[in-house]
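Got a predicted structure plus its sequence, pasted below:
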Amino acid sequence: MFGWRKKAIATPGVDIHSHLIPAIDDGIRTLDKSIEVIRKFSEIGFKKVVTTPHIHPNYPNTNDDILRGLEVVRKKLIAENLDFEIEAAAEYFVDDVLMQKIKNGDEVLSFGSNYVLVESAFLNKPFFFEMCLFELQSKGYRPVLAHPERYRFLEGELDWLLQLKEMGVLFQVTISSFVGFYGKMPQKIAKALYERKMIDFLGSDLHSYEQIRFLEEGLRNPLVDKLCKAPILKNKTLL
Ligand SMILES: [Fe+2]
């Protein structure tokens, strides 16, 4: 007869922002927890994860640190018989170190069609932010701004984000922002970006197992649900 089956929730298919490689940034601390979180992503309905450890003054990871960590996670997934696709890129903090790397022609960790996830400082935007993104573009990369809704220097205004859009910068909004996980202002900006059709990617920005419930709550938000079901997001192009 009628079972009390839990209603399936829509997902963007591929998550493009998380911190799942154990103990290399402020994300997941242990390999076992990483596997638990990945199992949960799979149960929720995600098909793939591109995890993005910080490359940041506080977490100066190298490409090798990240790729070695990825291999450890992949081996453990096989050992656990968990058939789930995981790749790695990075969340680059825009600073003079990144600027120099790009100028030197060093390899920048990207995903999909040369997408590179970047973030700004939250309180003050570095004056060369746009210049750094322009340098990335000139090397053939496509910058994706992580959580545009969370930068405090915006003070609720979209002007800077509109300028970045004109430059061709793509936006990754964090799913739990829609349900106020980061407060009222990010929630308001996330909705405004939705209304203006300025969201290119959704991401979890998951740092801990405990945040999964906010991710699930976010996925149940009607706007997120609509985004996941409409052919707008670029997440699914990564499958
Ligand atoms: Fe992040």
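That came through, no problem. These numbers come from a predicted model, not from an experiment.

in this structure, which spans are strands?
14-15, 48-51, 54-56, 59-60, 85-88, 91-93, 115-119, 142-146, 170-174, 201-203 (DSSP state E).

mind putting those in JSON lines, distance to the ion, mean pLDDT and mean neighbour count included?
In this view, the C-beta of every residue, glycine as well, is placed from N, C-alpha and C. Below are the strands of the chain laid out as JSON lines (distance: least, CB to the ion, whole Å; pLDDT from 0 to 100; neighbours: other CB atoms under 10 Å):
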{"stretch": "strand 14-15", "distance to the ion": "11", "mean pLDDT": "98", "mean neighbour count": "26"}
{"stretch": "strand 48-51", "distance to the ion": "10", "mean pLDDT": "98", "mean neighbour count": "24"}
{"stretch": "strand 54-56", "distance to the ion": "7", "mean pLDDT": "98", "mean neighbour count": "23"}
{"stretch": "strand 59-60", "distance to the ion": "11", "mean pLDDT": "98", "mean neighbour count": "14"}
{"stretch": "strand 85-88", "distance to the ion": "13", "mean pLDDT": "98", "mean neighbour count": "19"}
{"stretch": "strand 91-93", "distance to the ion": "5", "mean pLDDT": "98", "mean neighbour count": "24"}
{"stretch": "strand 115-119", "distance to the ion": "7", "mean pLDDT": "98", "mean neighbour count": "23"}
{"stretch": "strand 142-146", "distance to the ion": "6", "mean pLDDT": "98", "mean neighbour count": "23"}
{"stretch": "strand 170-174", "distance to the ion": "8", "mean pLDDT": "98", "mean neighbour count": "24"}
{"stretch": "strand 201-203", "distance to the ion": "8", "mean pLDDT": "98", "mean neighbour count": "27"}
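
ok, and the closest non-adjacent residue to Gly69?
Ile21 (3.7 Å; CB to CB, 6 or more residues apart in numbering).

what number of residues lie near that neighbour?
When neighbours are counted by other CB atoms under 10 Å, Ile21 registers 26.

how far away is it from His147?
Ile21 sits 19 Å away from His147, going by CB to CB, to the nearest Å.

so how far is the first residue of stretch 189-205 from its last?
17 Å (CA to CA, to the nearest Å).

Then stretch 23-39?
Where stretch 23-39 begins and where it ends lie 18 Å apart, using CA to CA.

and that stretch, what's its mean pLDDT?
On average, the pLDDT along stretch 23-39 is 98.

Mind listing what's buried along that stretch?
For stretch 23-39, the neighbour count (16 or more other CB atoms under 10 Å) marks Ile24, Asp25, Gly27, Ile28, Leu31, Lys33, Ser34, Ile35, Val37, Ile38 as buried.

How about stretch 177-190?
By 16+ other CB under 10 Å, the buried positions in stretch 177-190 come out as Ser177, Phe178, Val179, Gly180, Phe181, Tyr182, Met185, Pro186, Gln187, Ile189, Ala190.

Val144 touches Asp200, doesn't it?
Yes - checked against CB atoms under 8 Å, the pair Val144 and Asp200 is within contact range at 6.9 Å.

any shared contact partners between these two?
Each of Leu170, Phe171, Gln172 lies in contact with both Val144 and Asp200 under the rule CB atoms under 8 Å, 6 or more residues apart in numbering.

List the contacts of the second one.
Spelled out, that is Phe171. The contact partners of Phe171, by CB under 8 Å, 6+ apart, come to Val144, Leu145, Pro148, Leu161, Leu164, Lys165, Leu193, Met198, Ile199, Asp200, Phe201.

Any quick PyMOL command for the buried ones out of those?
In PyMOL syntax, the buried subset of those is picked out as below (16+ other CB under 10 Å):
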select buried, resi 144+145+148+161+164+165+193+198+199+200+201
